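Chemist: below is the sequence, then the predicted model.
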Amino acid sequence: MRRQLSTPTAILLGSAMIAVAVYLGLRHGPAAVAPDPRVAAGDASHRGEPAPRAGAAEGARAPGEGAPAPQRAPAVPREEVERQAARALDARRPALVERCYKPAIAARPAPREVKYVFNLTFDAQGRQIARGIIEDRETSRPDVTACLVAALPPIAVEPPGASVRVDVPFSLP
């Protein structure tokens, strides 16, 4: 008769082997990665930056050179972008009521009002680059939400000059 490991014993042995491997791997710390020699030598060509000027002292830079560009504030205030997005959603309200809300109410009359908050992100040119939708828990209607997601085209606003994220309340009817 041949003896075999029981399942609990096999699990215990496997866990012990994994624990030893993790211990030995963490004991030596992270693997060293060789630095890019171009960065160490001050070569800016790999970043698309202009080469240093002739006659410039090694390591001397003009103010602001080599530093990351600061995040620009939007030229159009965030509140104005929010108002524009709300107007764009309101302009689409009649079509959304016809396509999404009325069929859902005909099938199931309660709740009558459906509340949402749209999370919209616009790029510097005013194009929508991200959209999320939050349903109010008390007025939730998944059928209307699914229809809204499918039926609502991307929204555009006046170019704000930088990425802007806004939250816009919206309700149907």
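Modeler: Received it, and whenever you're ready, just let me know what you need.
Chemist: hey, let's count contacts and neighbours off CA atoms from now on
Modeler: OK.
Chemist: ignoring the adjacent residues along the chain, who's closest to residue 78?
Modeler: residue 164 (6.7 Å; C-alpha to C-alpha, 6 or more residues apart in numbering).
Chemist: let me redo that: residue 165
Modeler: Per C-alpha to C-alpha, 6+ apart, closest to residue 165 is residue 121, 4.1 Å.
Chemist: with residue 105 instead?
Modeler: residue 112 (7.2 Å).
Chemist: from what I can see residue 81 touches residue 157, true?
Modeler: Yes: between residue 81 and residue 157 a contact is recorded at 6.7 Å, counting by C-alpha atoms under 8 Å.
Chemist: these two - which one has more neighbours?
Modeler: Neighbours per residue (other C-alpha atoms under 10 Å) separate residue 81 from residue 157, with residue 81 holding more: 24 against 20.
Chemist: ok, and for the helix or strand containing the more buried one, which residues are buried?
Modeler: If you go by DSSP states H and E, residue 81 is part of helix 78-96. For helix 78-96, burial by neighbour count (16 or more other C-alpha atoms under 10 Å) applies to 78, 81, 82, 84, 85, 86, 89, 93, 96.
Chemist: what distance do you get for the last one to residue 84?
Modeler: Taken as C-alpha to C-alpha, to the nearest Å, the spacing of residue 96 relative to residue 84 amounts to 18 Å.
Chemist: rewinding a little: C-alpha coordinates for the helix holding residue 81, CSV please?
Modeler: The C-alpha coordinates for helix 78-96 follow below in CSV (Å, rounded to 0.1, in the frame of the first residue of the first chain):
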residue,chain,number,x,y,z
ARG,A,78,-14.6,75.6,-12.4
GLU,A,79,-18.0,77.0,-11.4
GLU,A,80,-18.5,78.3,-15.0
VAL,A,81,-17.6,74.9,-16.4
GLU,A,82,-20.1,73.3,-14.0
ARG,A,83,-22.8,75.7,-15.2
GLN,A,84,-22.0,75.0,-18.9
ALA,A,85,-22.2,71.2,-18.2
ALA,A,86,-25.5,71.6,-16.4
ARG,A,87,-26.9,73.6,-19.3
ALA,A,88,-25.7,70.9,-21.7
LEU,A,89,-27.4,68.2,-19.7
ASP,A,90,-30.6,70.3,-19.4
ALA,A,91,-30.7,70.7,-23.2
ARG,A,92,-30.7,66.9,-23.6
ARG,A,93,-33.4,66.4,-20.8
PRO,A,94,-36.4,66.3,-23.2
ALA,A,95,-34.8,63.5,-25.4
LEU,A,96,-33.7,61.6,-22.3
